[in-house]
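**Student:** Sequence plus the predicted model coming up.
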Amino acid sequence: MSGALVEGFTVAHRRYVPHSHAHYGGNLVDGAYGLGMFGDVATEMLIHTDSDEGLFAGYSSVEFIAPIQAGDVIEAVATLVRIGKRSREIQFEARVVCRSAPERGPSAADVLAEPIVVTRALGTVVAPKPAD
């Protein structure tokens with residue numbers, strides 16, 4: 001097991017949201033996009049904490065706070081908040097850190113002074129039973 005199995009341990013991923021992911025009018029992307037990022041960041045968390053990708057057991061809460069748009073750069077952060085024998089409870093937050101600015105041109109974009117929180121969740125992942 002890695003030395004990262006401590007409450008408060010954090011992992012973050014950033015990803016550009018391609019325009020091919022726009023699913024609704026106004027270049028909106030479905031809310032599940034952030035949940036997909038949470039799965040990826042949880043996988044890295046378990047690799048650090050348990051030397052295994054682990055399995056996602058479920059979410060106890062999910063909040064869709066603001067829209068995700070094509071052209072956004074999203075940061076997903078996972079923070080370990082509870083350590084069980086094999087379960088790990090993780091607090092997730094996804095925030096927009098850059099946003100396209102099409103009014104200035106087709107490829108214009110801005111780094112946001114303050115990130116926009118788009119999704120929050122609390123989830124549980126399970127590490128496999130260690131080999132005997």
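**Tutor:** Happy to help now that I have it.
**Student:** Show me what the mean pLDDT comes to for the top strand by length along the chain.
**Tutor:** Determined from DSSP state E, the single longest strand within the chain is strand 109-126. For strand 109-126, mean pLDDT is 97.
**Student:** Put the alpha carbons of it into PDB.
**Tutor:** In PDB, the C-alpha atoms belonging to strand 109-126 read as follows (Å, rounded to 0.1, in the frame of the first residue of the first chain):
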ATOM      1  CA  ALA A 109     -10.900  31.900 -24.400                       C
ATOM      2  CA  ASP A 110     -10.200  33.300 -20.900                       C
ATOM      3  CA  VAL A 111      -8.600  32.000 -17.700                       C
ATOM      4  CA  LEU A 112     -11.300  32.700 -15.100                       C
ATOM      5  CA  ALA A 113     -10.200  34.900 -12.100                       C
ATOM      6  CA  GLU A 114     -12.500  32.700  -9.900                       C
ATOM      7  CA  PRO A 115     -13.300  29.100 -10.900                       C
ATOM      8  CA  ILE A 116     -17.000  28.300 -11.400                       C
ATOM      9  CA  VAL A 117     -18.000  25.200  -9.300                       C
ATOM     10  CA  VAL A 118     -20.200  23.100 -11.600                       C
ATOM     11  CA  THR A 119     -20.600  19.800  -9.800                       C
ATOM     12  CA  ARG A 120     -20.100  18.500  -6.200                       C
ATOM     13  CA  ALA A 121     -20.500  14.900  -5.000                       C
ATOM     14  CA  LEU A 122     -19.700  12.500  -2.200                       C
ATOM     15  CA  GLY A 123     -18.900   9.000  -3.300                       C
ATOM     16  CA  THR A 124     -17.600   5.700  -2.000                       C
ATOM     17  CA  VAL A 125     -15.000   3.600  -3.700                       C
ATOM     18  CA  VAL A 126     -13.800   0.100  -2.600                       C
END
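**Student:** tell me which residues of it are tucked away?
**Tutor:** Under the neighbour-count criterion of 16 or more other Cβ atoms under 10 Å, strand 109-126 has A109, P115, I116, V118, T119, R120, A121, L122, G123, T124, V125, V126 buried. (Glycine included, C-beta is placed from N, CA and C.)
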